[in-house]
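>>> mind folding the following:
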Amino acid sequence: MTSIIVLIVILLIFLLSIPAIIFLIAYLAARSRRKKQNLLLQEIGTPEYYAFVRYNMGNAQNEFFKIKAFQGSGMIYVEDNHIHFVDTLHQHPHTFPLYDSTIKWEDINIVNGLLKWFSVEDQEAKYYFNIESGMFIFNLNSTKPTTRSVFERLLQYQSEIR
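The predicted structure follows:
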């Protein structure tokens, strides 16, 4: 009888520890993401407009077999009539001239986890962006921009210089 009670207690501890581990991982990932975002802001300074995004480059957007829906995270910002993109690892930065770039709403991409995307393209590259949302439970900021609002803001900047 006591062995059954011990077995039930061990099973309960095991079952309760799984959600705790999941929440711990989500919390640590959110904290790491905020730290990387703050470092990007410190490096860049105070741009005219910025948003933290997830991105894909070129054909990676439509690849079916991949581990995650995006290649990485970074920051998109407007400064001096250019859209600048810097990723957190500084591997794929790119500057798009506002006057000579195409900003397009891509909408929901089924291959990429039903996320809404927009693209920015110039003569050299095409990048796809969506808003860095993180785990919903650790991201309760209602003032955070949406993918659509960032897209519309970039279009507004573009229309002002044309």
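>>> from here on, contacts and neighbour counts on C-alpha atoms
Noted.
>>> from N56, how far off is D122?
15 Å (Cα to Cα, to the nearest Å).
>>> likewise for L7?
48 Å.
>>> comparing the two, which shows the higher neighbour count?
N56 (21 against 12; other Cα atoms under 10 Å).
>>> now that one, which residues is it bridged with?
Y128 (DSSP bridges).
>>> what residues are up against it?
Contact analysis of N56 by Cα atoms under 8 Å, 6 or more residues apart in numbering lists 70-72, 127-129.
>>> swap in L114?
I108.
>>> what of N130?
Counting by Cα under 8 Å, 6+ apart, N130 touches 53-55, 115-118, 147.
>>> again, only this time at 6 Å
Neighbouring residues of N130 by Cα atoms under 6 Å, 6 or more residues apart in numbering: 53-54, 117, 147.
>>> secondary structure class for it?
Following DSSP: H, G, I helix; E, B strand; the rest coil, N130 is assigned to strand.
>>> and the closest residue in space to it that isn't next to it in sequence, what element?
Spatial nearest neighbour of N130, excluding adjacent residues (Cα to Cα, 6 or more residues apart in numbering): W117 at 4.9 Å. Counting by DSSP states H and E, the element that carries W117 is strand 115-121.
>>> which other helices and strands does that strand contact?
If contacts are counted by 3 or more Cα pairs under 6 Å, 6 or more residues apart in numbering; DSSP states H and E, strand 115-121 sits against strand 102-109, strand 126-131.
>>> looking at the ones you listed, which is nearest to Q42?
strand 126-131 (19.9 Å; Cα to Cα).
>>> what sits up against the helix or strand that the closest one is followed by?
Per DSSP H and E, strand 126-131 leads on to helix 147-161 as the next helix or strand towards the C-terminus. Applying Cα under 6 Å, 6+ apart, the external contacts of helix 147-161 come out as 98, 130-131.
>>> closest one of those residues to Q91?
Q91 has its nearest neighbour among the contacts of helix 147-161 in N130, at 18.3 Å by Cα to Cα.
>>> wait, S119 sits on S101?
No. Using Cα atoms under 6 Å, S119 makes no contact with S101, being 10.0 Å away.
>>> who's more crowded, the two?
Neighbours were tallied for S119 and for S101 using other Cα under 10 Å; the higher tally belongs to S119 (20 against 17).
>>> and the gap between the nearest residue to that one once chain neighbours are set aside and K104?
With Cα to Cα, 6+ apart as the criterion, S119 has its nearest non-adjacent residue at 4.3 Å, and that residue is Y128. According to Cα to Cα, Y128 and K104 sit 9 Å apart.
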